[in-house]
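In: kindly return the folded structure for what I paste below:
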Amino acid sequence: ISVLCFGRGAFTERLKKEGIRHMYLKPPHSVKYRYFHEFLKFNPEVTKIIRREQPGIIYANCYMAFKLVIPAAEKAGIPVLWHKHIIIEQSRNSYMGAEIRKFSKKAAGIICVSDAVKKSMLDAGAQAGKLVTIHNGISFPPAGVKNNRKKIRRRYGIKNEMLAGTVGFFRRNKGFDVLIRAASIAAGENPEIKFIIVGGAEPSDKDYEESLKRSVKDNGLSGRVIFTGFQDRFKYMPAFDFFVLPSEREPFGLVTVEAGAMGLPVAAFNTGGTKEIIKNNVNGILAKDKTPVGLAGAIITLASDRKKTRMIGREAARQAARFSIKGQSGRVRELIEKLIKDKNK
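Out: The predicted structure follows:
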């Protein structure tokens, strides 16, 4: 295996640590056509790498990676497997719709991380026979992390209250503003609920983070909503009584599965890939509608019946086993081996 990286960071450090051969190539700023002049310099370098490595197949982990390697791969006769992580929201007649139709014809296969992503690809006009759903897999939380529960709750003055928690980067499409509106409704209904938000914003979204904090203050929730900043989620999640996923269009939330693996029921919307993870009243509660009121209803349900919430949490832990990284990566491996075999027929 050789890995061609278009960026440097935690992933390349992991490759180095694992002793996996990898190389770096600076990509164009964007795959949009106005950067075509940069692609003209980039493509010969990719071609050289493909000729040198002579892969049996190329795995492209996103749309950008696929679009950047497919011209050189086609020329060399190398099949490319495309991994699709995002729900296509643009219409079939949009620029993106046209891109999906064009590139799905060129792909040897397309892995979709959820049936929701697969449906959006079909709606955009992708070739149905090339699409396969393989959910993301997780590495299960380290042993002993649940021992952090009392420590974290004591740090933030949480006693017997029901603690609803969430984790993530503060991005506008992740619904943290929806969560705060739902928290305001739920807090008015049940004085025993508190909320903890583990995470923060990247530099480009700092204004969004500040608006969230202002909203908490303006809604009189300063004593009910806790912002922790960036923390190790596995150390903090044991302090939660249940998890809240406020994103309305989640392709497949790994953190949702991680929460389940830690025995936490999930309050979420009945949308996207979430409904492929959460079954209502089984391992979580799905909101009746895509509004703050709907999400607040799911939160209140979990906060109002501790016995039921613990029971749902136990089932959440059992259900999470479906999404082991070993099982899901095994399915990816099987698909890669099949595509290589088909190529060599």
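In: what about stretch 247-266, average pLDDT?
Out: Mean per-residue pLDDT for stretch 247-266: 95.
In: just stretch 280-294 next, same as before
Out: Averaged across stretch 280-294, pLDDT comes to 96.
In: can you give me the buried ones in stretch 156-171?
Out: Ile158, Glu161, Met162, Leu163, Ala164, Gly165, Thr166, Val167, Gly168, Phe170, Arg171 (16 or more other C-beta atoms under 10 Å). (Glycine included, C-beta is placed from N, CA and C.)
In: now do stretch 139-151
Out: Phe140, Pro141, Val145, Asn148, Arg149.
In: list of residues touching that stretch?
Out: 234-239, 258, 261-263, 320, 324-325 (C-beta atoms under 8 Å, 6 or more residues apart in numbering).
In: mind listing the helices for the stretch 201-345 of the chain?
Out: Secondary structure of the stretch 201-345 of the chain (DSSP state H, counting those that start in this stretch): helices located at 206-218, 233-236, 254-261, 274-277, 292-304, 306-320, 325-344.
In: now tabulate the ones you listed in JSON lines and tack on distance to Arg52 and mean neighbour count.
Out: As requested, the helices of the stretch 201-345 of the chain are exported to JSON lines (distance: least, C-beta to C-beta, whole Å; neighbours: other C-beta atoms under 10 Å):
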{"stretch": "helix 206-218", "distance to Arg52": "43", "mean neighbour count": "15"}
{"stretch": "helix 233-236", "distance to Arg52": "40", "mean neighbour count": "18"}
{"stretch": "helix 254-261", "distance to Arg52": "34", "mean neighbour count": "24"}
{"stretch": "helix 274-277", "distance to Arg52": "40", "mean neighbour count": "22"}
{"stretch": "helix 292-304", "distance to Arg52": "52", "mean neighbour count": "22"}
{"stretch": "helix 306-320", "distance to Arg52": "42", "mean neighbour count": "17"}
{"stretch": "helix 325-344", "distance to Arg52": "19", "mean neighbour count": "13"}
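In: next, format those helices as a markdown table and append distance to Phe11.
Out: Shown next, in a markdown table, are the helices of the stretch 201-345 of the chain (distance: least, C-beta to C-beta, whole Å):
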| stretch | distance to Phe11 |
| --- | --- |
| helix 206-218 | 24 |
| helix 233-236 | 18 |
| helix 254-261 | 15 |
| helix 274-277 | 24 |
| helix 292-304 | 33 |
| helix 306-320 | 24 |
| helix 325-344 | 15 |
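In: re earlier: tabulate the contacts of stretch 139-151 in JSON lines, adding columns for distance to Gly313.
Out: Below are those laid out as JSON lines (distance: C-beta to C-beta, whole Å):
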{"residue": "Phe234", "distance to Gly313": "16"}
{"residue": "Lys235", "distance to Gly313": "18"}
{"residue": "Tyr236", "distance to Gly313": "16"}
{"residue": "Met237", "distance to Gly313": "12"}
{"residue": "Pro238", "distance to Gly313": "11"}
{"residue": "Ala239", "distance to Gly313": "14"}
{"residue": "Glu258", "distance to Gly313": "13"}
{"residue": "Ala261", "distance to Gly313": "11"}
{"residue": "Met262", "distance to Gly313": "9"}
{"residue": "Gly263", "distance to Gly313": "4"}
{"residue": "Ala320", "distance to Gly313": "11"}
{"residue": "Ser324", "distance to Gly313": "19"}
{"residue": "Ile325", "distance to Gly313": "22"}
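In: which single one of the residues you listed is nearest to Gly109?
Out: Of all the contacts of stretch 139-151, Ile325 has the smallest distance to Gly109: 20.1 Å, by C-beta to C-beta.
In: pretty sure the closest one is touching Ile134, no?
Out: No. Ile325 is beyond contact range of Ile134, at 11.5 Å (criterion: C-beta atoms under 8 Å).
In: for this protein, give me the ranges with low pLDDT.
Out: Applying pLDDT under 70 to the chain flags residues 33-34.
In: just the strands in it please.
Out: 3-5, 22-24, 58-60, 80-84, 109-112, 131-133, 162-169, 193-200, 225-229, 242-245, 266-268, 284-286 (DSSP state E).
In: Ser30 is nearest to which of those?
Out: With C-beta to C-beta as the criterion, Ser30 lies closest to strand 58-60 of the strands of the chain, at 16.3 Å.
In: partner strands of the closest one and their direction?
Out: strand 80-84 (parallel) (DSSP bridges).
In: go ahead and name everything in contact with the partner strand.
Out: By C-beta under 8 Å, 6+ apart, the list of residues contacting strand 80-84 reads 57-63, 66, 69-70, 73, 103, 106-113, 117, 121, 335-336, 339.
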